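Q: For reference, the sequence and a predicted model appear below.
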Amino acid sequence: MGMIAKQSIYNVVSIGFAFLIGAVNMVFLYPTYPGKEFQGLVVALLANSNLIQPFISFGVQHTLIKYFSECTTKMERDKLLWFVLLFPIVILGIILPFYSQYNESILKFISGNGAVVSRFPFMILAIAIATAYFEIFFSWLRVHLQSVFGNFLKEVYPRLLTFSLLMAYIFEGIDLNNFINYMIIGYYVRLLCIAAYSFYVYFPSFYFRLPQNSSSLLRYSALIFLSGAAASFILDIDKSMIFAITNDENVAFYAVALYIASVVEAPGRAMFQITSPLVATALNTNDLGRLEELLKKSSTNLMIVSGLAFLIINLNLLDFYEMINQEGYASAISVVILVSLGKFFSMSMGCLNNIISNSKYYTYVFWFSVSSALLAVVLNYYFINAYGILGAALATLIVIVFINCCKIVLIYAVYKIHPYNSKTLSIVGSILLIYGMTYFIPTLVHPLLSILIRSLLVVGLFLIPLFLFRWSSDIEALLDRFKNKF
């Protein structure tokens, strides 16, 4: 896993920097200056854009990853690339007239508050298009095992863009409408950057013919599109329903809590970008031994890193929200705990999602996603009305557990493999023990000092079982390199 480890390290650093900038945006700049109403509106607009984006990409970015390793000639690779680049244009030709005619009804349906969100129908569609094509070019870089620059553009760039626009708004250089317009421009600048780099990495020759297996490509793209649409629906429906059922302030509180909890899955986002094409290659060559090795190693490594992040985040929540010191935001502390639990469970599965989406059993993803989307709507509607944003978090946790259990059962049934091993219980047990040992440490003179001391204590305690039980040779080697270097 040397290649995986090397690029994953760069990606983790990049994502860590992105989360730092994002934290400044989400928990300081947005609440302090434009306010929670402004923050809730922007979050709702981007959430609605994410709901539309899968309809444009139609799953072709996943099709590229799955079928690239099956192409044995340059001609077939080139035809595959042009297929995934041009097919969304056909989709747009179908979507644009329909969207322009019915955008108010569509936005009212997905947000429940057309009077506010429908003021920006162009922004929602424009960012959806830019994001869809960005994901296609990012997949092209990933199949060439060049994920670092794309990861920077995916994770760091949007947060730097938001930071710059917020600073311009704070100093009265732009208003809300200009904020939205410049955000659209920024997303298209990002698209141009990744497109230029993708063609620099590999420029394909153009052929006026479809790939030989175009029917298989279309079938796979259609199912992945439906699954992706349902998955995006699951990710963003809670924010849209909170916006519809309660108010935009609660969207801001919930969005900040989700952002904090999402730190737990940051290592997975870094690793999956490079493991996905490797998993596809192992499946296409029927190398089940390599497949099981990738699954178990990725599970163990992600449980270690994500578990440490889980401890640091949840043990410092009170001090962290005291530092934010904005009215209402601390009401979402329980949201962070519930959602981060779900995300830790997802990370414990390693690259299992990559295995399913790149295997011949990818059709099951559609049924899992659709059933989970329906469950999400029902649970969110009931729990949000009953418990507010805490109800949305509880619904999210239940849906995550449900869909992940379905996936684990599927992979075990068809390949007789699963993500877990003898180290899993000791990792989980150590996390619970450390949590119990440090939970009651009181706040010291200043919240920042408390966070620093408590985090150092958690890291120190976590390193003991890491080396004692020899959880991961990859992480040990990485720590040894840092020690020798510094």
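A: Done, it's in.

Q: so what pLDDT did Leu51 get?
A: pLDDT, Leu51: 75.

Q: quick one: low-confidence ranges for the stretch 1-150 of the chain?
A: Within the stretch 1-150 of the chain, the ranges that satisfy pLDDT under 70 run 1-12, 102-120.

Q: at 90 instead, please
A: Scanning the stretch 1-150 of the chain for pLDDT under 90 picks out the ranges 1-88, 90-128, 139-150.

Q: And the strands in it?
A: Taking DSSP state E, counting those that start in this stretch as the criterion, the stretch 1-150 of the chain carries no strands.

Q: Quick one: the helices in it, in order.
A: Counting by DSSP state H, counting those that start in this stretch, the segments of the stretch 1-150 of the chain that form helices are 2-24, 30-32, 36-57, 60-68, 74-111, 114-117, 121-143, 148-151.

Q: Reformat those as TSV; add distance to Val189 and mean neighbour count.
A: In short, each C-beta sits where N, CA and C put it, glycine included. Putting these into TSV (distance: least, Cβ to Cβ, whole Å; neighbours: other Cβ atoms under 10 Å) gives the following:
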stretch	distance to Val189	mean neighbour count
helix 2-24	17	18
helix 30-32	22	20
helix 36-57	17	23
helix 60-68	20	25
helix 74-111	19	16
helix 114-117	24	17
helix 121-143	9	23
helix 148-151	15	22
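
Q: What distance do you get for Leu294 to Ser240?
A: Distance, Leu294 to Ser240, by Cβ to Cβ, to the nearest Å: 35 Å.

Q: Of those two, which one has the most company?
A: Shown here are Leu294 and Ser240; by other Cβ atoms under 10 Å, Ser240 has more neighbours (25 against 22).

Q: Okay, and that one sits in which element?
A: helix 214-245 (DSSP states H and E).

Q: What angle do helix 74-111 and that helix make with each other?
A: With axes from the mean of the first three to the mean of the last three Cα atoms, to 10 degrees applied, the angle from helix 214-245 to helix 74-111 works out at 20 degrees.

Q: So for helix 214-245, mean pLDDT?
A: pLDDT averaged over helix 214-245 gives 74.

Q: Please compute how far that helix lies from its chain's middle.
A: Averaged C-alpha coordinates place helix 214-245 at 14 Å from its chain's average position (Cα atoms, centre = their mean, to the nearest Å).

Q: start at 24 instead
A: From this message on, residue numbering opens at 24, which makes the last subject helix 237-268.

Q: other SSEs contacting that helix?
A: Contact analysis of helix 237-268 by 3 or more Cβ pairs under 8 Å, 6 or more residues apart in numbering; DSSP states H and E lists helix 59-80, helix 83-91, helix 97-134, helix 271-284, helix 386-410, helix 412-438 as its packing neighbours.

Q: Give the next helix or strand downstream of the last one.
A: Helices and strands here follow DSSP H and E; after helix 412-438, the next one along the chain is helix 445-461.

Q: what's the next secondary structure element after that next one?
A: Note on helix 445-461: by DSSP H and E, the next helix or strand toward the C-terminus is helix 470-491.

Q: In that next one, which residues are buried?
A: For helix 470-491, the neighbour count (16 or more other Cβ atoms under 10 Å) marks 470, 473-474, 477-478, 481, 484-485, 488-489 as buried.

Q: Convert the C-alpha atoms of it to CSV, please.
A: Output of helix 470-491 as CSV, limited to C-alpha atoms (Å, rounded to 0.1, in the frame of the first residue of the first chain):
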residue,chain,number,x,y,z
PRO,A,470,-11.4,26.8,26.3
LEU,A,471,-8.5,26.8,23.8
LEU,A,472,-6.1,25.7,26.5
SER,A,473,-8.5,23.0,27.5
ILE,A,474,-8.8,21.7,23.9
LEU,A,475,-5.1,21.7,23.5
ILE,A,476,-4.3,19.8,26.7
ARG,A,477,-7.2,17.3,26.3
SER,A,478,-6.3,16.6,22.7
LEU,A,479,-2.6,16.0,23.6
LEU,A,480,-3.7,13.6,26.4
VAL,A,481,-6.0,11.7,24.0
VAL,A,482,-3.2,11.4,21.4
GLY,A,483,-0.8,10.2,24.0
LEU,A,484,-3.3,7.6,25.4
PHE,A,485,-4.2,6.5,21.9
LEU,A,486,-0.5,5.8,20.9
ILE,A,487,-0.2,3.3,23.7
PRO,A,488,-2.5,0.6,22.3
LEU,A,489,-1.5,1.6,18.7
PHE,A,490,2.0,0.3,19.3
LEU,A,491,1.2,-2.2,22.0
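
Q: Now do the helix holding Ser263 and helix 83-91, the angle between them.
A: Using the same axes, to 10 degrees, helix 237-268 lies at 150 degrees relative to helix 83-91.

Q: relative to helix 59-80, how tilted is helix 237-268?
A: Counting by the same axes, to 10 degrees, helix 237-268 points 160 degrees away from the direction of helix 59-80.

Q: The helices and strands packed on helix 237-268: which one's closest to Arg232?
A: Closest to Arg232 of the helices and strands packed on helix 237-268 is helix 97-134 (Cβ to Cβ; 6.4 Å).

Q: now that closest one and helix 144-166, what's the angle there?
A: Going by the same axes, to 10 degrees, helix 97-134 makes 150 degrees with helix 144-166.

Q: Centre of the chain to stretch 441-452, how far?
A: How far stretch 441-452 lies from its chain's middle: 24 Å, per Cα atoms, centre = their mean.

Q: Check stretch 375-386 too.
A: 18 Å.

Q: end to end, how far does it reach?
A: 15 Å (Cα to Cα, to the nearest Å).

Q: list the buried ones in that stretch?
A: By neighbour count on 16+ other Cβ under 10 Å, the buried set for stretch 375-386 is 375-382, 385-386.

Q: Report the mean confidence score over it.
A: What stretch 375-386 shows for mean pLDDT is 82.
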